[in-house]
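Engineer: sequence? don't have it. structure:
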Ligand SMILES: Nc1ncnc2c1ncn2[C@@H]1O[C@H](COP(=O)(O)OP(=O)(O)OP(=O)(O)O)[C@@H](O)[C@H]1O
Ligand SMILES: [Mg+2]
């Protein structure tokens, strides 16, 4: 009886990682196949090497963009869940991505679409990341630190945040001049099919920073998941740690949103399915599994949509599945 | 050495209603100190302030002469281990995982052979070796309580604060628990402060008793001085019957007729 309960989980973890490792290249292959040979076959053309190369010139940046965004979203979603002691909330779900739309609109409205603050990707990124850091620190100060039962407050905070920013941005877009309006639209209407791959050289190093920051502290996160009091009792400077991680979350979230737009439920799906598959509370395997799973879901989904010529974008499918999954989680755990 | 100096505390932001008022006492080294008092007297709050988990409104707690507010969180965790009155976990862990967390202040999660040995010893001490691979939610309330105490033991600190450690323990384990605590003091030289509700346990096992009422310490002393009808009435507003049993005072709290 003593060692019975742990052994099967170990074997299970190995299986999960082997499957994920095999599925990852398979999803990349499917994605490339559906954009090249499948498409050529459908229109009755032959796939020439030149055509293949030209398509790959667009497919590879798209693959990198999707992977970077998915990995970032998975890692910061898990971090966010540990910081807020919730298994259900993720930054996208409380409207963090609306901060991006808000800052872009405000920048153009205040300084014009020609301003360097808007056109220089680095300055622009710093400003929207800064806004996200400021808002998350405020959120922590007002909500997380004061209320033990903070999940409802967080959700309401998100509702108000995306309401104000979304409607505010729409209002400003209506009253700004037409050219500015088109520029804002171009910057904020990014989706999987219309990624802003021009910031990939900003996104890659940021992803690395986020990965290193998260992976090097995974043991601290394990302790923090015991709750604030236990963590403090075990020597974790809890407030400082939460503040640091909120900055990491904001930094990652803002670049992911600028790159691929909002993927509301991807993080929730990846993190919680990893939890169920691995049956562990340890952050290191959870980080790896959820990052792989998020990238895989996005690429596989996008590949399948292209293969089947689906009119529905993959994000809509992910949101539909993710949303139902969230209901299931709420019903099962009977709490938020 | 832990000294509590003029500590007041309040859960209201402006300190309207004081939970602790002008608490002064020194923790006796290498002794079991029992903290007793009615529900709401402020025992848990006092332990929280002493462990620097709750801020004091005024006054200070000195750990080896340094104000605890200026001790680094990690240094504090190597000095004081604290068992809270209620344990809530939102994650699913095994007994072994939980006890390994107790080593975190020492190894930041990278367990060495020494850490593993300490974990095994703690499990052994709490008679949990058999259950070490079980998940906490598969245990009885008392077994879970023992797992949390094992985590405290693995933390291996000179000071141990236990808030109602006998919660959920049956008579056999309560007695065993108190004997373990006594061994911690006699064999490992620990200093223990524990909240006890059963005054007889305090009388039988503690070396020193501190009695609280309405946020103040109203009496303190060795058990012989404390277990008197008059003192207990002052502390609990309740008339105990005191009987001699084997040379010690024993309290009876059932109706006297
Ligand atoms: N988080 C809190 N917020 C506001 N008031 C609190 C809080 N915790 C405790 N109190 C109040 O402070 C007083 C002292 O509480 P404390 O928990 O220290 O009592 P205690 O002596 O440990 O009682 P018990 O024997 O019931 O555990 C009580 O009146 C209680 O209502
Ligand atoms: Mg209490």
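Structural biologist: Alright, I've got the coordinates. Small disclaimer: the values here were computed from a predicted structure and weren't measured. Ligands and ions are numbered 1, 2, ... in the order given.

Engineer: show me the contacts for residue 225.
Structural biologist: All of this is about chain A. By CB atoms under 8 Å, 6 or more residues apart in numbering or on different chains, residue A:225 lies in contact with A:82, A:85, A:281, A:283, B:90-91. No exception for glycine: its C-beta is placed from N, CA and C like everyone else's.

Engineer: wrong one, I was asking about chain B
Structural biologist: Contact analysis of residue B:225 by CB under 8 Å, 6+ apart lists residue B:231.

Engineer: ok, now how distant is it from residue B:3?
Structural biologist: Taking CB to CB, to the nearest Å as the measure, residue B:225 falls 21 Å from residue B:3.

Engineer: Same question for residue B:98.
Structural biologist: 32 Å.

Engineer: Next, residue B:28: secondary structure please.
Structural biologist: Here residue B:28 is coil, with the state taken from DSSP: H, G, I helix; E, B strand; the rest coil.

Engineer: rewinding a little: between residue B:98 and residue B:3, who's got more neighbours?
Structural biologist: residue B:98 (25 against 15; other CB atoms under 10 Å in any protein chain shown).

Engineer: Now that we're looking at the more buried one, what pLDDT does it have?
Structural biologist: On pLDDT, residue B:98 comes in at 96.

Engineer: which secondary structure element contains it?
Structural biologist: Assigned by DSSP states H and E, residue B:98 belongs to helix B:95-101.

Engineer: at contact distance from chain A, anything in that helix?
Structural biologist: Yes - using CB under 8 Å from any CB of the partner chain, we find that helix B:95-101 touches chain A at B:97, B:101.

Engineer: Tell me which other helices or strands that helix touches.
Structural biologist: Judged by 3 or more CB pairs under 8 Å, 6 or more residues apart in numbering or on different chains; DSSP states H and E, the packing partners of helix B:95-101 are helix B:113-125, helix B:141-155.

Engineer: So which of these is nearest chain A?
Structural biologist: When the helices and strands packed on helix B:95-101 are compared by CB to the nearest CB, helix B:141-155 sits nearest chain A, at 7.4 Å.

Engineer: Against residue A:333, how distant is the residue lying closest to residue A:118 once chain neighbours are set aside?
Structural biologist: Spatial nearest neighbour of residue A:118, chain neighbours left out: residue A:107 (4.7 Å); criterion: CB to CB, 6 or more residues apart in numbering or on different chains. From residue A:107 across to residue A:333, the span is 40 Å (CB to CB).

Engineer: Between these two, tell me which one has more neighbours.
Structural biologist: With neighbours defined as other CB under 10 Å, residue A:107 and residue A:333 compare such that residue A:107 has more, 23 against 11.

Engineer: pretty sure the more buried one contacts residue A:120?
Structural biologist: No - with contacts counted by CB atoms under 8 Å, residue A:107 stays clear of residue A:120, the gap being 10.8 Å.

Engineer: Quick one: name the residues of the stretch 201-336 of chain A near chain B.
Structural biologist: Within the stretch 201-336 of chain A, the positions near chain B by CB under 8 Å from any CB are A:219-220, A:222-223, A:225-227, A:229-230, A:232-238, A:279, A:281.

Engineer: 10 Å - rerun?
Structural biologist: Contact residues, the stretch 201-336 of chain A versus chain B (CB under 10 Å from any CB of the partner chain): A:217-223, A:225-241, A:275, A:279-282, A:333.

Engineer: tell me, what residue is most central in chain A?
Structural biologist: residue A:73 (2.2 Å; CA atoms, centre = their mean).

Engineer: Can you list the residue ranges for strands in chain B?
Structural biologist: With DSSP state E, the ranges of strands along chain B come out as B:2-10, B:18-26, B:32-37, B:58-63, B:66-67, B:80-83, B:159-163, B:191-195, B:208-213, B:216-221, B:241-245, B:248-252.

Engineer: which stretch among these comes nearest chain A?
Structural biologist: Set against chain A and scored by CB to the nearest CB, the strands of chain B come closest in strand B:80-83, at 4.9 Å.

Engineer: where does the chain dip in pLDDT?
Structural biologist: Since no chain was named, I'll use chain A. A:1-8, A:147-150, A:334-336 (pLDDT under 70).

Engineer: hmm, I had chain B in mind actually
Structural biologist: Low-confidence segments of chain B (pLDDT under 70): B:255-257.

Engineer: Centre-most residue in it?
Structural biologist: What sits nearest the mean C-alpha location of chain B, by CA atoms, centre = their mean, is residue B:162, with 1.8 Å.

Engineer: how close does whichever residue of chain B sits closest to ligand 2 sit to residue B:215?
Structural biologist: Going by CB to the ion, ligand 2 is nearest to residue B:44 of chain B, at 3.1 Å. Here residue B:44 is placed at a distance of 12 Å from residue B:215 (CB to CB).

Engineer: List the contacts of the closest residue to residue A:13 other than its chain neighbours.
Structural biologist: In space, and not counting its chain neighbours, residue A:13 is closest to residue A:278: 5.5 Å by CB to CB, 6+ apart. Contact partners of residue A:278, counting by CB atoms under 10 Å, 6 or more residues apart in numbering or on different chains, are A:9, A:12-13, A:16-17, A:285-286, A:288-290.

Engineer: For PyMOL, what selects the buried ones among those?
Structural biologist: Of those, the buried ones can be selected in PyMOL as follows, counting by 16 or more other CB atoms under 10 Å in any protein chain shown:
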select buried, chain A and resi 13+16+17+285+286+288+289+290
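
Engineer: sorry, back to before: find residues that contact each of residue A:107 and residue A:120.
Structural biologist: In contact with both residue A:107 and residue A:120: residue A:127, using CB under 10 Å, 6+ apart.

Engineer: how long is stretch A:86-95 end to end?
Structural biologist: End-to-end distance for stretch A:86-95, by CA to CA, to the nearest Å: 16 Å.

Engineer: I meant to write stretch A:87-106 there.
Structural biologist: Stretch A:87-106: ends 33 Å apart by CA to CA.

Engineer: Is that stretch positioned near chain B?
Structural biologist: Yes - counting by CB under 10 Å from any CB, chain B has neighbours in stretch A:87-106: residue A:87.

Engineer: Can you give the distance of that stretch from its chain's centre?
Structural biologist: Relative to the centre of its chain, stretch A:87-106 is centred 11 Å away, using CA atoms, centre = their mean, to the nearest Å.

Engineer: and residue A:158, which of the three is it?
Structural biologist: helix.

Engineer: could you measure it against residue A:84, distance?
Structural biologist: Residue A:158 is 11 Å from residue A:84, by CB to CB.

Engineer: Surely residue A:107 touches residue A:123?
Structural biologist: Yes - the criterion here is CB atoms under 10 Å, and residue A:107 meets it with residue A:123 at 9.5 Å.

Engineer: residue ranges for the helices of the stretch 1-150 of chain A, please.
Structural biologist: Applying DSSP state H, counting those that start in this stretch to the stretch 1-150 of chain A gives helices spanning A:7-35, A:37-42, A:49-84, A:96-111, A:116-119, A:121-139.

Engineer: can you put those helices in CSV and add distance to residue A:252?
Structural biologist: Listed next are the helices of the stretch 1-150 of chain A as CSV, based on distance: least, CB to CB, whole Å:
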stretch, distance to residue A:252
helix A:7-35, 21
helix A:37-42, 33
helix A:49-84, 4
helix A:96-111, 10
helix A:116-119, 22
helix A:121-139, 9
